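# Take this sequence and fold it.
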Amino acid sequence: MERTITEWKRYALVQPPIMMLVIAQAISSNILTDLIIYRTCSIILNINKTECLVLHENSSSAEALKIDALVQPKTSLILMTKSIIESVIPALLSLFLGPWSDIYGRKSIILSGYIGTVCYLSDISNEQERGWQLAWMEALISVGILIGILAGPIIFKIYGYTLVFVIATICCILAGLHICFLVPETSHITDSITIKSLFNIHLVRKLISTCTKKRDGFNRYIVWCCIISIILIVIAMQGEMTIGFLFVSARFGWDINKYSIYLATNIILTILGITFGVKMLVTYGGFSEETVAIFSLLSSLSSSLIQSFTLKSWHMYISAVVGMFSGIANPMIRAILSKSVPSEDTGKIFSMTISIETLTPFVAASLYNMIYLHFMPPIYPLPVWLVSGGIYIIVIFILINIRIQNAKTNSARYRTLIQNNESS
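Next comes the predicted model:
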């Protein structure tokens, strides 16, 4: 892979396209949920459209809450089906895309989102600056989410559903044009690209072999502990996102505007938590990745407990403040993962990880929707948030075990080094 891209261009190649894709997703996601709720009310349940409009015009009224209680069970099933479609197909494709891009280049898969962008950034950056490149990407992703969730409700309120989805479509088209005309390929391909070359089962076999074969320099136990931890965290995060709007709508009568303001506040606090948390604890404090990840998970656990026992709207904002460090765990666990594999296998390991992550929304949506449907508000405390708390506790114990295993490995290496020095 050639790295002929100048320094400043590395910050404006693939980061803007992924930000545009995130804006498209964020600007339409909650609006689509709102549309599903409205259409379920007016079409599936055949309730008068005037009555269904109460969900928009006076969502906290007794009439709106009564209609919402009828609509939510059907809505949850539709959202679960949507999550299945959005999870299974990308997960299967990711198994092929990662190894395929090692041979045919990264440019073609950047539109797939996260996996393509991470692989491309790995190609154009060295080990010293790669962390900053990925951090810059995460920052722009957060900015994209913030723009989307703030702009979406405003555009919807003024112009309705249609313009929201038109803008989302335009963002996707612009991202595609940017990649097509402005992003150079990182490898020169001599073979022709065919559909058959993409769906080659040999690529998947090679990927699985790399992730499971025991060999020197590959700490299989820690690698799979990290992968399991990442997956559990993603399940909790995706599950909470799936039922988040349904919960605040049923408990507090929030509309999409109030929920978007809460989400924006949560994202801003998370960005601040990641920035200052990593800087203070890792850079200045010198704490290990495992310790910092455990601290982050304790923040997530506390936030989930507050949400489970919440009675007032402002309690949700308290949970956001308490959980502001929750975003640190994922990058810290990925850092542990990258140190446990040979450098030439890092890409394949992350391809496997991201592929499994892509499938987790299906599991998360099914699990959280099932629990939420059986234990909807006004049940108190709400069990669905306690599920998240239980997941975070499991991951904390896994990380403690990883810390112990790493300490034993480092101790064994130190003793071997001392013995070699004494013998020489």
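# So for this protein, the centremost residue is which one?
The residue lying closest to the centre of the chain (C-alpha atoms, centre = their mean) is V234, at 6.3 Å.
# Nearest residue to it in space, please, no chain neighbours.
Spatially, and ignoring its direct neighbours in sequence, V234 is nearest to T360 (4.7 Å; C-beta to C-beta, 6 or more residues apart in numbering). C-beta: built from backbone N, CA, C; applies to glycine.
# What is the neighbour count of the one you found?
Close neighbours of T360, defined as other C-beta atoms under 10 Å, add up to 22.
# Can I take it that it is in a helix?
Yes: counting by DSSP: H, G, I helix; E, B strand; the rest coil, T360 is found in a helix.
# residues contacting it?
By C-beta atoms under 8 Å, 6 or more residues apart in numbering, the contact set of T360 is 87, 231, 234-235, 238.
# Packing partners of the lengthiest helix in the chain?
Longest helix in the chain by number of residues (criterion: DSSP state H): helix 62-104. Contacts defined by 3 or more C-beta pairs under 8 Å, 6 or more residues apart in numbering; DSSP states H and E place helix 62-104 against helix 15-39, helix 49-52, helix 54-57, helix 114-124, helix 195-198, helix 201-212, helix 220-252, helix 346-374.
# Give me the angle between the last one and helix 62-104.
Okay, so that is helix 346-374. Helix 346-374 runs at 160 degrees relative to helix 62-104, counting by axes from the mean of the first three to the mean of the last three C-alpha atoms, to 10 degrees.
# buried stuff in helix 346-374?
Buried residues in helix 346-374, defined by neighbour count with 16 or more other C-beta atoms under 10 Å: 346-369, 371-373.
# Ok, the first one next?
Neighbour-count burial for helix 15-39, counted by 16+ other C-beta under 10 Å, picks out 15-34, 36-39.
# re the thing from before, any idea how far the residue nearest to the centre of the chain lies from E86?
As defined by C-beta to C-beta, to the nearest Å, V234 lies at a distance of 14 Å from E86.
# Equivalent analysis for I201, please.
24 Å.
# the more surrounded of these two?
More crowded of I201 and E86, by other C-beta under 10 Å: E86, with 14 against 9.
# wait, isn't that one in contact with P361?
Yes: counting by C-beta atoms under 8 Å, E86 touches P361, with 6.5 Å between them.
# Quick check: phi and psi at the nearest residue to L146 once chain neighbours are set aside.
Once flanking residues are discounted, L146 sits nearest to I267: 5.3 Å by C-beta to C-beta, 6+ apart. Here is the backbone geometry of I267 (degrees, to the nearest 10): phi -70, psi -40.
# Quick one: neighbours of I267, just the number.
Neighbours of I267 (other C-beta under 10 Å): 19.
# Flag the shaky bits of the stretch 301-424 of the chain, pLDDT-wise.
Low-confidence segments of the stretch 301-424 of the chain (pLDDT under 70): 343-344, 346-347, 377, 379, 410-424.
# Can you identify each of the strands in it by residue range?
For the stretch 301-424 of the chain, applying DSSP state E, counting those that start in this stretch gives no strands.
# now the longest helix of the chain and helix 15-39, what's the angle there?
Going by the same axes, to 10 degrees, helix 62-104 makes 150 degrees with helix 15-39.
# what's the average pLDDT for helix 62-104?
In this model, helix 62-104 carries a mean pLDDT of 77.
# how distant is whichever strand or helix holds A139 from the center of its chain?
Using DSSP states H and E, A139 sits within helix 127-159. Centre-to-centre, helix 127-159 and its host chain are 13 Å apart (C-alpha atoms, centre = their mean, to the nearest Å).
# One more: stretch 323-342?
On C-alpha atoms, centre = their mean, the centre of stretch 323-342 falls 13 Å from that of its chain.
# That one spans what distance, first to last residue?
Length of stretch 323-342, first residue to last, C-alpha to C-alpha, to the nearest Å: 34 Å.
# That one: which residues count as buried?
323-338, 340-341.
# Filter these down to the ones in helices?
Of those, the ones assigned to helices by DSSP H are 329-338.
# and which of these is nearest to P383?
A329 (23.0 Å; C-beta to C-beta).
# dump the residue contacts of the closest one.
233, 293, 296-297, 300, 395.
# Could you check how far it is from L382?
Noted for A329: a distance of 23 Å to L382, by C-beta to C-beta.
# Over to N48: give its phi and psi.
Main-chain dihedrals, N48, degrees, to the nearest 10: phi -50, psi 140.
# what's the neighbour count on the nearest residue to it once chain neighbours are set aside?
Take N48 and drop its neighbours on the chain: the residue closest to it by C-beta to C-beta, 6+ apart is S42, 7.9 Å away. Residues lying near S42 (other C-beta under 10 Å) number 18.
# Was I right to think S42 contacts L55?
No: if you go by C-beta under 8 Å, S42 and L55 don't touch, sitting 9.9 Å apart.
# So for stretch 138-156, what gets flagged as buried?
Within stretch 138-156, judged by 16+ other C-beta under 10 Å, the buried ones are 138, 140-153, 155-156.
# Number of residues surrounding V282?
Neighbours around V282, by other C-beta under 10 Å: 17.
# Could I get the contacting residues of it?
Per C-beta under 8 Å, 6+ apart, neighbours of V282: 289, 292.
# same deal with the one 5 residues further on?
Contacts for F287 were tallied using C-beta under 8 Å, 6+ apart; they are 281, 295.
# give me that answer again for 6 Å
By C-beta atoms under 6 Å, 6 or more residues apart in numbering, F287 lies in contact with L281.
# and it, what helix or strand is that in?
Going by DSSP H and E, F287 is not part of any helix or strand.
# how close does it get to M19?
The spacing between F287 and M19, counted by C-beta to C-beta, is 31 Å.
# what's the answer for I141, then?
I141 is 7 Å from M19, by C-beta to C-beta.
# average model confidence for stretch 254-270?
Computed over stretch 254-270, the mean pLDDT rounds to 84.
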